[in-house]
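Asker: 3D, please:
(chains A, B, C and D)
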Protein chains: 2
Amino acid sequence: MPLRILLVEDEPELAGAIEVVLRAHHHVVDHVAEGLGAWSLLGSDLASYDLLILDWMLPGLSGPELCRRVRGAGLTVPVLMLTALADTSHRVQGLDAGADDYLSKPFAMEELLARIRALQRRQPSYRDPLLRAGSYVLDPAEGCLTIEQEGGRTRIVMSAKELQLMAYFMEHPRQIIPGSRLRSRLWSLEEDPISNVVAAQVRLLRRRLASHGLPSPIETVPSKGYRFDPEPEP
Amino acid sequence: MPLRILLVEDEPELAGAIEVVLRAHHHVVDHVAEGLGAWSLLGSDLASYDLLILDWMLPGLSGPELCRRVRGAGLTVPVLMLTALADTSHRVQGLDAGADDYLSKPFAMEELLARIRALQRRQPSYRDPLLRAGSYVLDPAEGCLTIEQEGGRTRIVMSAKELQLMAYFMEHPRQIIPGSRLRSRLWSLEEDPISNVVAAQVRLLRRRLASHGLPSPIETVPSKGYRFDPEPEP
DNA sequence: GGAGGGATGAAAAACAGGTGAAACCTCCTG
DNA sequence: CAGGAGGTTTCACCTGTTTTTCATCCCTCC
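Answerer: Presented below is the predicted three-dimensional model:
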């Protein structure tokens, strides 16, 4: 599975080599040469990384310092530290700063890849909690819905709006939800009030469920709204 | 689960970045650039928000000031404050103003998301309470009225206006209510006074009750108004 | 007995939602 | 950078329901 990796390394040759290898293994790599640049990327960029590879010695902001900042900001992203200094006291310093692993130069690319794999396995990576209602389980992180029926489970990948809608329904099971409420909760204000986005999107959601052979759990209560029933009583 | 979020931030770049990230996580985001706009948005109950993200420095109305107003108005919505000022005295000021959390710029989007998740672990949805008068129980959420008689209960699904009318009667049992009051309470402002909407709607309400075999609890007091009696004395 | 509020049924208007096609947008790919 | 695929929204049109109006009738109170 491809990872989004931020590589912070000031030696151009090594950096280039690492980039090539990682890309060859289908990872997406951003490279910066110094610590402050990395920090501002982490601080404001839209990207979120699956892995940070930090050189120990960096202009601007050292590897351990950057690592401490990252941890201080509450980030749980795995950090792999690179260094020319192999002795134990440095190793300890690095790990104390919050790094997850530590690799001494020179190293074989194979070892780097192996350690990346190891970090990924160990990664408990915080995920949004699942949302459950009856036999429906929604996973916002994965962007999918699974339904447990007799005879197994069905997994449905959904679009963003479908997920929002489904989540709202699942948070309010069996309640009648007026279309106007959906509109005000799930769509931002500026849109013109004479539109039928809600009806249209409800339709798409129903169609998506139907396309997997599921009976629609969303009922229309005429001129009142919609009602989601996680498992209709007989 | 998706949240409805109001973002008050005057730096366009940062605001844009936050918006994109929040949307990517399936939240619904409204963005205003200054405090007064935010305040008027919060005042109009077009939308109710699950979270406010306030910049510290804002044109018009500062973040802490807005936050104080929000709390002063009795709103319990979680507030997350953003600021370039990291020192403790500001942190304390922000939290004293009623903010629930505090984030210093620059911050990683991951941290913002983590804090939002943390703030968000709170109360589940609640239902609006039932309205009771004598043997009549009105459930606004379900849009129905139940009557407990000897021999069981009757459940009547009603239309919106019927519910409004019934609710008004049930809130003023045994009182004589002039038609003109119903008109001004239940119908927005001066519609043309030569209409008999009220009479017509009262009729529909009576008919609906009658169609379920119930004696009408709504009596007409000639040239004075209507009176609702939750259970007529013999 | 006539004025006025209310009752009544039918008809009209307004409304909410369902539907398919088409327009848009954004992201991805060649 | 063009083209394509999805996803999302709009549009025009259709349905059924709710709400209001209208014309008429009824009753009560001065």
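Asker: What are the phi and psi values at the residue of chain A found nearest DNA strand D?
Answerer: Nearest residue of chain A to DNA strand D (Cβ to the nearest atom of the strand) works out as A:S159 at 2.7 Å. Quick note: C-beta positions are derived from backbone N, CA and C, even for glycine. In terms of degrees, to the nearest 10, the main-chain angles of A:S159 are phi -80, psi 170.
Asker: same deal with A:T146?
Answerer: Per-residue torsions, A:T146: phi -120, psi 140 (degrees, to the nearest 10).
Asker: tell me the pLDDT at it?
Answerer: What the model reports as pLDDT for A:T146 is 90.
Asker: any idea how far it lies from A:G152?
Answerer: To A:G152, A:T146 is 10 Å away according to Cβ to Cβ, to the nearest Å.
Asker: Next: A:G16.
Answerer: To A:G152, A:G16 is 49 Å away according to Cβ to Cβ.
Asker: neighbour count winner among the two?
Answerer: A:G16 (12 against 7; other Cβ atoms under 10 Å in any protein chain shown).
Asker: Now do the one helix or strand the more buried one maps to: distance to the chain's middle.
Answerer: A:G16 is part of helix A:12-24 when elements are defined by DSSP states H and E. Relative to its parent chain, helix A:12-24 has a centroid offset of 25 Å by Cα atoms, centre = their mean, to the nearest Å.
Asker: other SSEs contacting that helix?
Answerer: Applying 3 or more Cβ pairs under 8 Å, 6 or more residues apart in numbering or on different chains; DSSP states H and E, one finds that helix A:12-24 contacts strand A:4-8, strand A:28-32, helix A:109-122.
Asker: Any idea which of the ones you listed gets closest to DNA strand C?
Answerer: Here strand A:28-32 is closest among the helices and strands packed on helix A:12-24 (Cβ to the nearest atom of the strand), at 10.5 Å.
Asker: quick one: buried residues of the closest one?
Answerer: Along strand A:28-32, these residues count as buried under the neighbour rule (16 or more other Cβ atoms under 10 Å in any protein chain shown): A:V29, A:H31, A:V32.
Asker: Would you mind measuring from the last one to chain B?
Answerer: This means A:V32. As judged by Cβ to the nearest Cβ, to the nearest Å, A:V32 and chain B stand 15 Å apart.
Asker: hang on, isn't that residue packed against A:L41?
Answerer: Yes. Between A:V32 and A:L41 there is a contact at 6.3 Å, judged by Cβ atoms under 8 Å.
Asker: what distance separates stretch A:5-21 from the middle of the whole chain?
Answerer: Relative to its chain's centre, stretch A:5-21 lies at 24 Å (Cα atoms, centre = their mean).
Asker: now A:L214, nearest residue through space, not along the chain?
Answerer: Among residues not flanking A:L214 along the chain, A:I147 sits closest, at 6.3 Å (Cβ to Cβ, 6 or more residues apart in numbering or on different chains).
Asker: closest to B:V202 out of the helices and strands packed on helix A:12-24?
Answerer: Relative to B:V202, the nearest member of the helices and strands packed on helix A:12-24 by Cβ to Cβ is strand A:4-8, separated by 65.0 Å.
Asker: what about that closest one, near chain B?
Answerer: No. Between strand A:4-8 and chain B, judged by Cβ under 8 Å from any Cβ of the partner chain, nothing touches; the nearest distance is 11.1 Å.
Asker: Likewise for stretch A:130-142?
Answerer: Yes. Using Cβ under 8 Å from any Cβ, stretch A:130-142 comes into contact with chain B via A:L131, A:P140.
Asker: who touches that stretch?
Answerer: In this structure, residues lying in contact with stretch A:130-142 by Cβ atoms under 8 Å, 6 or more residues apart in numbering or on different chains are A:127-128, A:144-149, A:163, A:166-167, A:169-171, A:173, A:217, A:228-231, B:1-2, B:25-26.
Asker: Repeat the analysis, applying 10 Å as the threshold.
Answerer: A:125-129, A:144-150, A:153-158, A:163-164, A:166-167, A:169-174, A:209, A:214, A:217, A:228-232, B:1-2, B:25-26 (Cβ atoms under 10 Å, 6 or more residues apart in numbering or on different chains).
Asker: how far does that stretch sit from the chain's center?
Answerer: Computed by Cα atoms, centre = their mean, the chain-centroid distance of stretch A:130-142 equals 16 Å.
Asker: Can you measure across stretch A:23-40, start residue to end residue?
Answerer: For stretch A:23-40, the separation between the terminal residues is 23 Å (Cα to Cα, to the nearest Å).
Asker: Of all the residues in that stretch, which ones are buried?
Answerer: So for stretch A:23-40, counting by 16+ other Cβ under 10 Å, buried means A:H27, A:V29, A:H31, A:V32, A:A33, A:E34, A:G35, A:G37, A:A38, A:W39.
Asker: Now do the last one, the pLDDT please.
Answerer: At A:W39, the model reports a pLDDT of 81.
Asker: Let me know the next secondary structure element after the lowest-mean-pLDDT helix or strand in chain A.
Answerer: The weakest-scoring helix or strand in chain A, judged by mean pLDDT, DSSP states H and E, is helix A:88-96 (a mean of 68). Per DSSP H and E, helix A:88-96 leads on to strand A:101-104 as the next helix or strand towards the C-terminus.
Asker: Please put the alpha-carbon coordinates of that next one into CSV.
Answerer: C-alpha atoms of strand A:101-104 as CSV (Å, rounded to 0.1, in the frame of the first residue of the first chain):
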residue,chain,number,x,y,z
ASP,A,101,12.9,4.0,14.7
TYR,A,102,16.5,4.9,14.1
LEU,A,103,18.8,4.0,11.2
SER,A,104,22.5,4.7,11.0
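Asker: who does it pair up with?
Answerer: strand A:79-83 (parallel) (DSSP bridges).
Asker: gap between the partner strand and the chain center?
Answerer: That offset, for strand A:79-83, works out to 23 Å (Cα atoms, centre = their mean).
Asker: So for it, mean pLDDT?
Answerer: Average pLDDT, strand A:79-83: 87.
Asker: same check, this time on stretch A:53-64
Answerer: Averaged over stretch A:53-64, pLDDT sits at 86.
Asker: for that stretch, how far is the first residue from the last?
Answerer: Length of stretch A:53-64, first residue to last, Cα to Cα: 11 Å.
Asker: Can that stretch be said to contact chain B?
Answerer: No. Counting by Cβ under 10 Å from any Cβ of the partner chain, chain B is not contacted by stretch A:53-64; separation bottoms out at 12.8 Å.
Asker: What residues sit buried inside that stretch?
Answerer: A:I53, A:L54, A:D55, A:W56, A:L58, A:G60, A:L61, A:S62, A:G63, A:P64.
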